[in-house]
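In: Below are the sequence and a predicted model for it; my questions follow.
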Amino acid sequence: MFIEVLRSGRAVHRRRLEGRSRKIEGFHEPAWEAVERRQEEFAPWADDRMLLDSVIDMPQNIATALEYLAAES
């Protein structure tokens, strides 16, 4: 079973990325341009999967994912 998380709001995605600082030693946060390049390289998933949208709050996405996993098992 596969779950893909996408972002429907490009502006929200960019704002979250540019406002994020995880302070992980040895890890540099990606720039927006790097994210755009990566998206261009990403091959769309063709198999069955559940799609979650990151603009929806996390508790709701978690509940949706758990329901999907329970129904598929």
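Out: On my side now, so go ahead.
In: Residue 64: neighbour count?
Out: Per other CB atoms under 10 Å, the neighbour tally for residue 64 reads 16. C-beta coordinates here come from the backbone N, C-alpha and C atoms, glycine included.
In: With residue 51 as the reference, measure out to residue 35.
Out: Relative to residue 51, residue 35 is positioned 19 Å away (CB to CB, to the nearest Å).
In: likewise residue 57?
Out: 16 Å.
In: Between these two, which has more neighbouring residues?
Out: When residue 57 and residue 51 are compared for neighbours, residue 51 comes out ahead with 12 against 8, by other CB under 10 Å.
In: And the biggest helix by length in the chain, what's buried?
Out: Counting by DSSP state H, the longest helix found in the chain is helix 58-72. Under the neighbour-count criterion of 16 or more other CB atoms under 10 Å, helix 58-72 has 61, 64, 68 buried.
In: Kindly report the same for stretch 21-40.
Out: The neighbour-count criterion (16+ other CB under 10 Å) identifies no buried residues in stretch 21-40.
In: Kindly check the end-to-end length of it for me.
Out: Length of stretch 21-40, first residue to last, CA to CA, to the nearest Å: 24 Å.
In: Quick one: mean pLDDT over that stretch.
Out: For stretch 21-40, mean pLDDT rounds to 90.
In: Number the chain from 5, please
Out: Yep, numbering from 5; the last one is stretch 25-44 now.
In: Run through who's touching it.
Out: 17, 18, 21, 22, 24 (CB atoms under 8 Å, 6 or more residues apart in numbering).
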